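Chemist: Need a 3D model of the following:
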Amino acid sequence: MILIHIETTKEQQAIDIANFLEEEKLIVDTLILTGNKRNKYKDKSSGQVVFLIQGKTKALLFDTIDKELRRLYPDDLPSIYSTPIVYMDWDQTVELKEKTAKV
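Modeler: Next up, the predicted model:
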C-alpha cells in the first residue's frame, strides 16, 4: 500500500485528476490540499500556490496512474510520487483492496 502524492499549480486540474482516479478505482480516500510551496532561498511567505492530491492505493497501481496522467497531461504533467504505508488497520486494508482496481 502507498500514499500517492500528485502536485499541481492548477486547481481545476487537481479536481479533474482526483475525480478521474476515483472513477477509475485507482485511488481511495482522496484529499485535495492547498498551500504555498516554499523556497528556502526566498522569504517564508513567498512561493507558488500548489494543490496536493493525496490518496491511498496499491503499490502495483502506481505505474498505471503515472501512465494515465502522462496520457491526459502530456504537456503539463503534474509532479507525482508516493510514500509507503507501513502499517494500516486490517479492516481498512481489506477495504482498500476491495475498492481499488484489481491487479
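
Chemist: on contacts alone, who are the packing partners of the lengthiest helix in the chain?
Modeler: Longest helix in the chain by number of residues (criterion: DSSP state H): helix 11-23. Helix 11-23 makes packing contacts with strand 2-8, strand 28-37, strand 48-57, helix 62-72 when contacts are defined by 3 or more Cβ pairs under 8 Å, 6 or more residues apart in numbering; DSSP states H and E. The C-beta positions use only the backbone N, C-alpha and C, and glycine is treated the same way.

Chemist: tell me the angle the longest one makes with strand 2-8.
Modeler: Put plainly, it is helix 62-72. 20 degrees (axes from the mean of the first three to the mean of the last three Cα atoms, to 10 degrees).

Chemist: contacting residues around helix 62-72?
Modeler: For helix 62-72, contacts defined as Cβ atoms under 8 Å, 6 or more residues apart in numbering pick out 2, 4, 6, 17, 20-21, 24, 26-27, 57, 77-78, 80, 82, 101, 103.

Chemist: can you rerun that using 10 Å?
Modeler: Under the contact criterion Cβ atoms under 10 Å, 6 or more residues apart in numbering, helix 62-72 has outside partners 2, 4, 6, 8, 13, 16-17, 20-21, 24, 26-27, 55, 57-58, 61, 76-78, 80-82, 101, 103.
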